[in-house]
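*Asks:* can't give you the sequence, but here's the structure:
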């Protein structure tokens, strides 16, 4: 009596063309929250790799924008002769505005640049591990925040000491309006995370995105209220401020730190709208295409 050989069942995996679609959101966000420590540890590892956790690395994080602000101060205040103009701000007020503007701008720029390269730089993790890919840009935002924190005490010291040394300074010092600072930082972080998700996706498909960010970021800086005061825009020119994704939150920075008053309702609503809008747009663009990252990288 003979028996037929048992047929071997072989599983075949078929790779179909990618179709942009969101994953199940509730499990995705649950897994994203469960692995939040992964983003923190990855951020810490990145800082160690770049020697940013060393004392000299922390000094350079502050020294770089500080020296750059002095250069911009020479260009804006002295060479342009703005200090000699009637009714213009004092020299220290101009320096303080440029300094806090650059510190805040660098926070947002680091979110964009580091976040934009996070997916392509984490190619081995993507190919060998299954996790929500949004953790990679999130770790970049954490790194940018950790680099931003050491600049705040330095600015506060300069802000308090310098305003007492310059008799023409109109800075009000620390008061209740500085309670808006955590809100401003939150707006910048959310906006930076949305931009990181957006540029990280673009960098997967177009590898020159990081190079464009280097030059485009400098132009974006000049178009933002960092080297100039928002009050200099009048009439229809103020659309340049509201159409800038970082314009309203940088205007809030000037209002709180330099003018010494709470931000206007229009500034808060515009900054909130841009932060949520960038987060939603960047999040949809990233999550709907992250299944394609392993193939593209």
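*Replies:* Okay, I see it. Just so you know, these numbers come straight off a predicted model, no measurement behind them.
*Asks:* so what pLDDT did the closest residue to residue 118 other than its chain neighbours get?
*Replies:* Among residues not flanking residue 118 along the chain, residue 136 sits closest, at 4.0 Å (C-beta to C-beta, 6 or more residues apart in numbering). Bear in mind the C-beta positions are built from the backbone N, C-alpha and C, glycine included. pLDDT, residue 136: 92.
*Asks:* what about residue 237? Give its phi and psi, please.
*Replies:* Reported as degrees, to the nearest 10, the phi and psi values for residue 237 are phi -70, psi -20.
*Asks:* burial of it, as a residue count?
*Replies:* Counted with other C-beta atoms under 10 Å, the neighbours of residue 237 add up to 9.
*Asks:* how close does it sit to residue 103?
*Replies:* Look at residue 237 and residue 103: by C-beta to C-beta, to the nearest Å, they are 26 Å apart.
*Asks:* cool, residue 70 as well?
*Replies:* In this view, residue 70 and residue 103 are 13 Å apart by C-beta to C-beta.
*Asks:* same question, residue 31
*Replies:* From residue 31 across to residue 103, the span is 34 Å (C-beta to C-beta).
*Asks:* of the two, which one has the most company?
*Replies:* Per other C-beta under 10 Å, whichever of residue 31 and residue 103 has more neighbours is residue 103, with 21 against 15.
*Asks:* work out for me the element the more buried one sits within.
*Replies:* Using DSSP states H and E, residue 103 maps to helix 91-116.
*Asks:* pLDDT on that helix, on average?
*Replies:* 90.
*Asks:* what's that helix packed up against?
*Replies:* helix 55-73, helix 135-148, helix 151-165, helix 181-205, helix 209-222, helix 247-257 (3 or more C-beta pairs under 8 Å, 6 or more residues apart in numbering; DSSP states H and E).
*Asks:* next SSE downstream of that helix?
*Replies:* Assigned by DSSP H and E, the successor of helix 91-116 is helix 118-121.
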